[in-house]
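Asks: Turn this into a structure:
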Amino acid sequence: MGRLVLIDALSAGVLLSLWYFLFARYNREKGARALRWVEAACTAKGEILEARWSGVCRLQARLRFAAHWFENARVTVHLRPRPIPLKWLLSVWHKQRETLTFEADLDYAPNFHLEVFRHRWLSQRHSRLAENSREWELSRPSPVVLTTRTHWAQELTPVVNTLMTSRGHNLVTVRFRPESPHLAATVPLDAVVDEQAAAGFLTVVRELAAGAAHQQ
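Replies: Below is the predicted model:
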């Protein structure tokens, strides 16, 4: 009996080790691929200086850009903790998303604090309602801004307008603050699927930075 328990324990250990090795490798390949797309999207304007892993689900890289682009820039890739089964299941249960975050300092520190969270509400018609769809009049609403500010600052308009453009539709959060890093923007990792998508993300980040510069 004791021998069978020992064999079962060893088998479980081997399976867990194999699981960890395979999914740790998967995460590393996925994170490295995202960084390659970001570096390729930078073209001659920037390059990755170094990259390092923090655990098995967080990859961070420092970037250097040409003058008047960004200072102290870094990209952080957050992946699901696939190598650890329990944590991975919890992340799936809580619908945690894999993300890519860009952080940097600007030429001039913003003189305001702004944190934007983008949300979408989608509705699905019930099957019974679908049968009477002719009685429904459908329309596409414009974006709606819900803010905690009691007074809207006019200098924030360029930043918000950038967020409402089609190219910025994938951004999850955007933060501006006077302290370093001045700008932080997060996008779902599955939205950065190739070099072109990464270039689009960097373009939106540049437009956000330019919008913040207008208030100086």
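Asks: Please, which helix or strand holds the residue most central in space within the chain?
Replies: Centroid check for the chain by Cα atoms, centre = their mean gives residue 187 as the closest residue, at 2.8 Å. Assessed by DSSP states H and E, residue 187 sits inside strand 183-188.
Asks: Now do that strand, average pLDDT.
Replies: Strand 183-188 carries an average pLDDT of 93.
Asks: just checking, what packs against that strand?
Replies: strand 99-105, strand 173-176, helix 195-213 (3 or more Cβ pairs under 8 Å, 6 or more residues apart in numbering; DSSP states H and E). Placement of C-beta: from N, CA and C, glycine included.
Asks: Between those, which one is closest to residue 163.
Replies: For these, the distance to residue 163 is smallest for strand 173-176, at 6.5 Å, taking Cβ to Cβ.
Asks: Please list all residues in contact with residue 197.
Replies: For residue 197, the contacting residues are 37, 191, by Cβ atoms under 8 Å, 6 or more residues apart in numbering.
Asks: Show the pLDDT at it.
Replies: pLDDT, residue 197: 88.
Asks: Distance check, it against residue 71.
Replies: Distance of residue 197 to residue 71, computed by Cβ to Cβ, to the nearest Å: 25 Å.
Asks: And residue 104, by the same measure?
Replies: When distance is defined by Cβ to Cβ, residue 104 is 6 Å away from residue 71.
Asks: The two: who's more crowded?
Replies: residue 104 (21 against 15; other Cβ atoms under 10 Å).
Asks: Go ahead and confirm that one touches residue 182.
Replies: Yes: with contact defined as Cβ atoms under 8 Å, residue 104 counts as touching residue 182 (7.1 Å).
Asks: My guess is residue 161 contacts residue 211. True?
Replies: Yes: between residue 161 and residue 211 a contact is recorded at 7.3 Å, counting by Cβ under 8 Å.
Asks: More neighbours: which of those two?
Replies: Neighbours were counted for residue 161 and for residue 211 using other Cβ under 10 Å; residue 211 has more, 19 against 12.
Asks: Next, show the common contact partners of residue 104 and residue 71.
Replies: Counting by Cβ under 8 Å, 6+ apart, the contacts common to residue 104 and residue 71 are residue 65.
Asks: Name the nearest residue to residue 79, ignoring sequence neighbours.
Replies: residue 57 (4.4 Å; Cβ to Cβ, 6 or more residues apart in numbering).
Asks: which ones are touching the one you found?
Replies: 27, 78-83.
Asks: let's see it at 7 Å
Replies: By Cβ atoms under 7 Å, 6 or more residues apart in numbering, the residues touching residue 57 are 27, 78-81.
Asks: With neighbour count as extra columns, can I get the residues you listed in CSV?
Replies: Converted to CSV, the contacts of residue 57 look like this (neighbours: other Cβ atoms under 10 Å):
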residue, neighbour count
27, 23
78, 18
79, 23
80, 21
81, 21
